[in-house]
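[1] pasting the sequence and the predicted coordinates here, then a few questions.
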Amino acid sequence: MTLPTEETDETPAKPDTPRRRRWRRVRRVAGWTLGVLVGGPLIAFWVAYLVLDVRSPQEVLAGLDKTVVLQYADGSELLKVVPADGDRRFVPYAQVPAKLRDAIIATEDPTFWDNQGFDPTGIGRAFLTGVGGGSGITQQYIKKSTGDEDATLGRKFAELVLATKITQEQNKEQIFESYVNIISFGRGTFGPAAAMNAYFGKKLDDSITWSEAAFLAGMIQSPSVHDPAASGDVHAARRWQYVRDKLVGRGYVGNDEPMAYPGAEIQAPSETRAGRITYDEFHIKQQVLAELEQNGFPLGRLQQGNMTVETTLDRSRQDAAKKALRDRLNGEPEVFRGAVVAIEPSTGAVRAYNGGDQGVRDYAGTPHALGTAFHPFTLAAALGRGYVPDQPIPAPSKLEFLGENFQYPDVCGPKCTLRSAMETHANGPFIALAKKLGPEALSDAARRAGIPDAVDGVPTLREKDGFLIGPGIAIGRYPLRPLDVAGAYATFAADGRRATPHLVAKVRDESGAVVWEHQDSATPAFGDDETSRRVAAEVTATLRTDGPAALRTGEAEHGNSPDNQDAWAIGYTPQLVTAVWIGSDDDRRLKDAAGRKLTGDVVPADVWRAFTQSPAPPSR
């Protein structure tokens, strides 16, 4: 039997024609093109994701100077030290009021809580037109943090990469916090706290209204355009209405929510200008910054750290000092100048500091001749060497001391004692005492009480050479700052214990943690505790009383004339010492409005009484 033969199903191959070869090339090119079009961006995205990085708000803000807030002792704001490029204060997410947060999101990025960090519409528009637009909150933060605001496809691509990366690395609360703290709201402000103060003169907290929140949110798009100070209320009201409609349309507020354009509440830029301070506040700022620098906190460190400074100043006493000085000098010759410094004796904390408001010159921090108000230090030198207040002392009308001849009328009488010499402000007995004790003893006693060895590198109680002590020390000719005089008299008020005068209590970082605090370190001034108490008590006993306070007034002569150029009133209780100086910008003979020779008993004593009799602040 014959088996059937197996047939093979073979289809003859088609001829490899030129046309078929062209189609293979087309398919190959199309495949490669599709691969490049799809895979290229993916590879570029992956590479960019690895290479590009998102700066945290801390990193961004670390390179920028922030506003430093100075506070009164009770924590209320005293003044701000604002960087040259604007008012910038960091506000944690939890401290951004919900109304303002909602208004910003409704206006700038309504899908913020759900999106992946970028706006596909904006990316598409940049691809098609070559210009930017439509950036959401995450992209806006990236744009501000990188400093790249070019409206190009390349910038949009980088935004897309970084927006994706930051959304994966940070939660939405962190992203919003980053964004809201580096954007500008106009008027030289960055962040919501500075903006709230700039437009409404208020502190940022939950008392913000929907109307205020809508206004601030509307500023972000273009502050220079939407600020009513620039474009008028009609334009600003239209922008506000736009934000209000977004809030209603996206369900944040009801259509019946009582809201109105807050035009009457918006303050003029001149009224809320960041860093705008008066001359007397400027003096405080300078003293505080100088003290902080000495303690390792220069201004740059404070600004970089977004720090807050708590001063020792009491708001009510500060206001009282300003009023007392202003009211009493009103009507006096225009050349009269004044200063008031009040210090807590036991700690050295400065409770009031007024250096005048006539200009940048700080009269509380400028040296002036102390005159007969220096006598308590000469008395302290004698008491420390065994003298007693009722001990008889010579009262010459003429004498020579260190090459200078002095002549004064004998006002102390034939039975002159240290006590009566103090009461009569007699110069002769104290010059004679200086001659017996030696000029070094007087300088030493003053410095033990608290007069610093030098101020701004210039030695105190010395001649211009910085070494020799001249005869002028006996009559208070050497100029001293009211701040230092108050501090030295405070030693007498504090039972002979010396504390360093200071205006800074604490420094806090942006989280509120205390990073530096003044440490009270009062020490006996005139030897041991017993000697220091005795010297201080006996000096106090020689001063006249004014109510519960001990008061010393004094005058510094104008050259060898019978007229005076400086006058003082320094008084104290155990709770507070206050020094008042009255003088002028230059050394000149001074007479008051009534034509009387300037003395400490009149204008300075009047200022002192007005200040000390003002209502005491509540106990702290």
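    Good, I have the coordinates. Numbering: from 1, shown residues only.
[2] show the pLDDT at P429.
    Looking at P429, its pLDDT stands at 96.
[3] how about it: what's its closest non-neighbour residue?
    The shortest distance from P429 to any non-neighbouring residue, by C-beta to C-beta, 6 or more residues apart in numbering, is to A421 (4.0 Å). Placement of C-beta: from N, CA and C, glycine included.
[4] list the contacts for the one you found?
    Contacts of A421 were listed using C-beta atoms under 8 Å, 6 or more residues apart in numbering, and they are H375, I393, A395, C412, P429, F430.
[5] secondary structure, distance to V607 and neighbour count added to the residues you listed, as TSV?
    Below are the contacts of A421 laid out as TSV (DSSP: H, G, I helix; E, B strand; the rest coil; distance: C-beta to C-beta, whole Å; neighbours: other C-beta atoms under 10 Å):
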residue	secondary structure	distance to V607	neighbour count
H375	helix	21	27
I393	coil	32	20
A395	coil	31	24
C412	coil	28	25
P429	helix	29	26
F430	helix	26	28
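[6] which of those lies closest to E177?
    H375 (61.1 Å; C-beta to C-beta).
[7] what's the pLDDT at that closest one?
    pLDDT, H375: 98.
[8] please, which helix or strand holds L461?
    Assigned by DSSP states H and E, L461 falls within no helix or strand.
[9] neighbours of it, how many?
    25 (other C-beta atoms under 10 Å).
[10] one step back: so which bits of the helix or strand containing the residue nearest to P429 are buried?
    Per DSSP H and E: A421 is located in helix 418-424. Buried residues in helix 418-424, counting neighbours by 16 or more other C-beta atoms under 10 Å, are found at L418, R419, S420, A421, M422, T424.
[11] ok so, going back, widest-spaced pair of the contacts of A421?
    H375 and A395 (13.3 Å).
[12] isn't D233 up against E265?
    No: using C-beta atoms under 8 Å, D233 is not in contact with E265, being 11.7 Å away.
[13] so where do the strands sit in the stretch 251-400 of the chain?
    With strands called from DSSP state E, counting those that start in this stretch, the stretch 251-400 of the chain shows them at 308-311, 337-343, 350-354, 368-369, 398-401.
[14] and the ones you listed as CSV, adding mean neighbour count and distance to T138?
    Output for those, formatted as CSV (neighbours: other C-beta atoms under 10 Å; distance: least, C-beta to C-beta, whole Å):
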stretch, mean neighbour count, distance to T138
strand 308-311, 23, 30
strand 337-343, 28, 53
strand 350-354, 28, 47
strand 368-369, 24, 60
strand 398-401, 14, 79
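[15] make JSON lines out of these and add distance to K591 and mean pLDDT.
    JSON lines is the format used below for the strands of the stretch 251-400 of the chain (distance: least, C-beta to C-beta, whole Å; pLDDT from 0 to 100):
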{"stretch": "strand 308-311", "distance to K591": "37", "mean pLDDT": "97"}
{"stretch": "strand 337-343", "distance to K591": "15", "mean pLDDT": "98"}
{"stretch": "strand 350-354", "distance to K591": "24", "mean pLDDT": "98"}
{"stretch": "strand 368-369", "distance to K591": "17", "mean pLDDT": "96"}
{"stretch": "strand 398-401", "distance to K591": "28", "mean pLDDT": "95"}
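[16] of all these, which one is nearest Y179?
    strand 308-311 (23.2 Å).
[17] that older thread, mind putting the strands of the stretch 251-400 of the chain into JSON lines with distance to G466?
    Shown next, in JSON lines, are the strands of the stretch 251-400 of the chain (distance: least, C-beta to C-beta, whole Å):
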{"stretch": "strand 308-311", "distance to G466": "32"}
{"stretch": "strand 337-343", "distance to G466": "25"}
{"stretch": "strand 350-354", "distance to G466": "27"}
{"stretch": "strand 368-369", "distance to G466": "18"}
{"stretch": "strand 398-401", "distance to G466": "21"}
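[18] quick one: closest of the ones you listed to S211.
    Comparing those by C-beta to C-beta, strand 308-311 comes nearest, at 29.3 Å.
[19] please enumerate residues in contact with the closest one?
    Counting by C-beta under 8 Å, 6+ apart, 68-73, 75, 78, 284, 288, 292, 302, 350, 503-508, 510, 512 sit against strand 308-311.
[20] narrow those residues to those that are buried.
    Buried, going by 16+ other C-beta under 10 Å: 68-73, 78, 284, 288, 292, 302, 350, 503-508, 510, out of the contacts of strand 308-311.
[21] just those residues: which are in strands?
    V68, V69, L70, Q71, L78, V350, V504, A505, K506, V507, R508 (DSSP state E).
[22] closest one to V577 out of these, please.
    Nearest member of these to V577, counting by C-beta to C-beta, is V350, at 10.4 Å.
[23] excluding covalently adjacent residues, which one is nearest to the closest one?
    Counting by C-beta to C-beta, 6+ apart, the residue nearest V350 is L503, at 4.8 Å.
[24] so what's Q95 closest to, chain neighbours aside?
    L204 (7.4 Å).
[25] so which of the strands of the stretch 251-400 of the chain gets nearest A593?
    Between the strands of the stretch 251-400 of the chain, strand 337-343 lies closest to A593; by C-beta to C-beta that is 14.1 Å.
[26] next, the angle from that closest one to strand 350-354.
    170 degrees (axes from the mean of the first three to the mean of the last three C-alpha atoms, to 10 degrees).
[27] so which other helices or strands are in contact with strand 337-343?
    helix 315-329, strand 350-354, helix 482-493, strand 577-583, helix 603-612 (3 or more C-beta pairs under 8 Å, 6 or more residues apart in numbering; DSSP states H and E).
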